[in-house]
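> Got a predicted structure here, sequence first:
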Amino acid sequence: MSEATPILEARSLVKVLGGNRVLENVSLDIGRGRVKVLIGPSGAGKSTLLQCLNFLIPPDSGHILLEGREVEKTSKRELCSFRQQVGMIFQDFNLFDHLSALENVRVALMKVKGMPKLEATERAVAELKRVGLADKATLYPANLSGGQKQRVAIARALAMDPKVMLLDEPTSALDPELIGEVLAVIRDLAQGGMTMIMATHQISFSASLADEFIFMERGRVVEQGSPADLLGRGSGSRTQAFCSKISELTGESGEAGSECHP
Amino acid sequence: MSLPYSEFFRAELGPGLLDGLWVSLLVIAPSALCGALIGLTAGVLRVYGPKPVRWLTECYVSLFRGTPLVVQVFFWYFALPYIKIGGFSIVLDPIPAAILSFALCSGAYQSEYIRGGLNAIKHGQIRAALALGMTTRQAVMSVVLPQAFRRALPGCGNEVIYLIKYSSLASIITVNELTGTATTIAKNSWRNIEVFCTLGVFYLLLVTVATWLLRLLEDSLSVPGFERPQS
């Protein structure tokens, strides 16, 4: 595999849901250590795209390649091994409600990777430590705050040693005062070299992080480019127009991330 | 006039019903256990099984919820021996026939509670499990079912309580459990009212103990977010 081979590549993804073309021939690729951010209005297909990328929603047509090798979506075994290498973070966390934070991180290590319990526990503790939750290991999701839940979800994904992480609006379900702790973890990940594709409305945060913005609308990629290019004053881009609309709504002095100009 | 009740109870009714109680437990315990297992399996297959299996389990549930239990008990005890396959036929003794009927009937009802529990679990739980690389089977077994079972437990317990009482139907295929013994004693002593009232108390005690055991089970499975509402 050459240095330039993208880690994850999607070619011409199409998805029709209930008669709507939710994804219209979408292609993208991402190289090692890169961060790409999906932005756009709701219903643009960002979430569908992310879920198609790991076949949680099977695309109607198109191809997905991991490190240059096409994923054979009809083979259950290959799908499982592919998904282990592609971590997914959901808007609504989806922690396993009957398991403690530690067990949430540990369960797939044991069931999927077949790791012995002791080793899996050690790994889970280390991952919880990495997201700053070592002291919450025994708590259940019902007793964690939204921000803590999302950090456990990130630890759970990281424990599988993913080659790329997909984040579907990781802070959208959080109270404003809890967003910062999750963004801090995501920033650490990016700085640690994790390859990430993230859908978000946290524009200024992601502008400081992303190598590329991908602006989607009605199932298509409308614009893509570096945040500086797309958001620059007078760039006249759709991205810029969209972002200034968000910042108008939330107020220029609003919470972190609502502002447009990096 | 015959013996006073206390004498009658000490000498005849009490020891008789105690013997019957053991036989009842011998029928109830395996029926409840097998019924729960059948219910779990059928419930999961009804929701997550492949189409033909789903259809088969639906048929099983319709059949066993849709016919009177007496008919089912008679079938397994009286009719089964007449069904010959390749010259072989199965003849069941009364107790195994009773256990088989109760387990199958109970399982059909239990599967309904389990199905309800499974459907109550949000789809995001499965998606998260799949996203970690679990197979659908792993996701169902280690993520969805443990949660669904906790949600279904009060209903399942209810079914066990029913089972304790409909186990009295075993008496019609000559099993000398509580009700069978009581009927015999009543016939011989002509003291119907006292015998059947005492019988009622025995069932009440049995159900009370079962309720307490089910509470213990609920408590031992309780985790934050799945606890019994405290009043």
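It's in.
> For A:N94, give me its contacts.
A:A153, B:K122, B:G124, B:Q125, B:R127, B:A128 (Cβ atoms under 8 Å, 6 or more residues apart in numbering or on different chains). The C-beta positions use only the backbone N, C-alpha and C, and glycine is treated the same way.
> Widest-spaced pair of those residues?
Greatest spatial distance among these (Cβ to Cβ): A:A153 and B:K122, at 14.4 Å.
> for the contacts of A:N94, which one is nearest A:R123?
Within these, proximity to A:R123 (Cβ to Cβ) peaks at A:A153, which comes in at 16.0 Å.
> Give me the more crowded residue out of A:A153 and B:K122.
Neighbours were counted for A:A153 and for B:K122 using other Cβ atoms under 10 Å in any protein chain shown; A:A153 has more, 27 against 13.
> Pull up the gap between that one and A:Y140, please.
Using Cβ to Cβ, to the nearest Å, we find A:A153 at a distance of 14 Å from A:Y140.
> what's the answer for B:G66, then?
Distance, B:G66 to A:Y140, using Cβ to Cβ: 41 Å.
> Please say which of those two ends up with more neighbours.
Comparing B:G66 with A:Y140 by neighbour count (other Cβ under 10 Å), the higher total belongs to A:Y140, at 20 against 8.
> Leaving out sequence neighbours, find the closest residue to the more buried one.
B:P224 (4.1 Å; Cβ to Cβ, 6 or more residues apart in numbering or on different chains).
> What's the mean pLDDT across stretch B:209-217?
Stretch B:209-217 shows a mean pLDDT of 94 in the predicted model.
> ditto for stretch B:117-134
In this model, stretch B:117-134 has an average pLDDT of 94.
> what does stretch A:58-67 give?
92.
> where's the longest helix seen in chain B relative to the chain centroid, distance-wise?
Counting by DSSP state H, the longest helix found in chain B is helix B:14-48. Chain-centre distance of helix B:14-48: 4 Å, with Cα atoms, centre = their mean, to the nearest Å.
> list the buried ones in the helix or strand following it?
Using DSSP states H and E, the helix or strand that follows helix B:14-48 in sequence is helix B:51-66. If you call a residue buried by 16 or more other Cβ atoms under 10 Å in any protein chain shown, then helix B:51-66 has these buried ones: B:T57, B:Y60, B:V61, B:F64.
> ok, now which ones touch the third one?
Meaning B:V61. The neighbourhood of B:V61, defined by Cβ under 8 Å, 6+ apart, consists of B:A42, B:R46, B:A108, B:S111, B:E112.
> May I have stretch B:139-156 exported as PDB, CA atoms only?
Output of stretch B:139-156 as PDB, limited to C-alpha atoms (Å, rounded to 0.1, in the frame of the first residue of the first chain):
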ATOM      1  CA  ALA B 139     -25.800  -7.800  19.500                       C
ATOM      2  CA  VAL B 140     -29.100  -9.500  20.400                       C
ATOM      3  CA  MET B 141     -27.700 -11.900  22.900                       C
ATOM      4  CA  SER B 142     -25.300  -9.500  24.800                       C
ATOM      5  CA  VAL B 143     -27.000  -6.200  24.400                       C
ATOM      6  CA  VAL B 144     -30.700  -6.300  23.600                       C
ATOM      7  CA  LEU B 145     -31.800  -9.500  25.400                       C
ATOM      8  CA  PRO B 146     -30.300  -8.600  28.800                       C
ATOM      9  CA  GLN B 147     -32.200  -5.300  28.700                       C
ATOM     10  CA  ALA B 148     -35.400  -6.800  27.300                       C
ATOM     11  CA  PHE B 149     -35.400  -9.500  29.900                       C
ATOM     12  CA  ARG B 150     -35.200  -7.000  32.700                       C
ATOM     13  CA  ARG B 151     -38.100  -5.000  31.200                       C
ATOM     14  CA  ALA B 152     -40.100  -8.300  30.700                       C
ATOM     15  CA  LEU B 153     -39.500  -9.700  34.100                       C
ATOM     16  CA  PRO B 154     -42.600  -8.400  35.900                       C
ATOM     17  CA  GLY B 155     -44.800  -9.900  33.100                       C
ATOM     18  CA  CYS B 156     -42.900 -13.200  33.100                       C
END
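> starting at the chain centroid, how far to that stretch?
18 Å.
> One more: stretch A:164-183?
Relative to the centre of its chain, stretch A:164-183 is centred 10 Å away, using Cα atoms, centre = their mean.
> That stretch spans what distance, first to last residue?
Length of stretch A:164-183, first residue to last, Cα to Cα, to the nearest Å: 17 Å.
> Over to stretch B:74-83?
By Cα to Cα, the extent of stretch B:74-83 from end to end equals 14 Å.
> Mind listing residues that contact that stretch?
For stretch B:74-83, contacts defined as Cβ under 8 Å, 6+ apart pick out B:S89, B:I90, B:V91, B:L92, B:P94, B:A97, B:A98, B:L100, B:S101, B:I172, B:I173.
> Restricted to buried residues, select the residues you listed in ChimeraX.
Burial among the contacts of stretch B:74-83 is assessed by 16+ other Cβ under 10 Å; the matching ChimeraX selection reads:
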select /B:92,94,97,98,100,101,172,173
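> From the contacts of stretch B:74-83, which land in helices?
Those of the contacts of stretch B:74-83 lying in helices (DSSP H): B:P94, B:A97, B:A98, B:L100, B:S101.
> Distance check, the fourth one against A:L8.
Relative to A:L8, B:L100 is positioned 55 Å away (Cβ to Cβ).
> And for the second one?
To A:L8, B:A97 is 61 Å away according to Cβ to Cβ.
> rewinding a little: out of the contacts of stretch B:74-83, which two sit at the greatest distance?
Greatest spatial distance in those: B:S89 and B:I172, 21.8 Å, computed using Cβ to Cβ.
> and the host helix or strand of B:F196 with chain A, contact?
Using DSSP H and E, B:F196 falls within helix B:192-221. No. Helix B:192-221 is not in contact with chain A by Cβ under 8 Å from any Cβ of the partner chain; minimum separation 8.9 Å.
> Any chance you could list what contacts the helix-or-strand element of chain B with minimal mean pLDDT?
Comparing helices and strands within chain B by mean pLDDT, DSSP states H and E singles out helix B:5-8 as the least confident, with a mean of 89. The set of residues external to helix B:5-8 that reach it, using Cβ under 8 Å, 6+ apart, is B:S2, B:S189, B:R191, B:E194.
> roughly how far is stretch B:95-106 from the heart of the chain?
Relative to its parent chain, stretch B:95-106 has a centroid offset of 8 Å by Cα atoms, centre = their mean.
> Pipe the contacts of stretch B:74-83 into a markdown table and attach distance to chain A and pLDDT per row.
Listed next are those as a markdown table, based on distance: Cβ to the nearest Cβ, whole Å; pLDDT from 0 to 100:
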| residue | distance to chain A | pLDDT |
| --- | --- | --- |
| B:S89 | 43 | 85 |
| B:I90 | 39 | 87 |
| B:V91 | 45 | 88 |
| B:L92 | 40 | 89 |
| B:P94 | 41 | 93 |
| B:A97 | 38 | 94 |
| B:A98 | 36 | 95 |
| B:L100 | 33 | 96 |
| B:S101 | 34 | 96 |
| B:I172 | 42 | 93 |
| B:I173 | 42 | 93 |
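> Thank you, goodbye.
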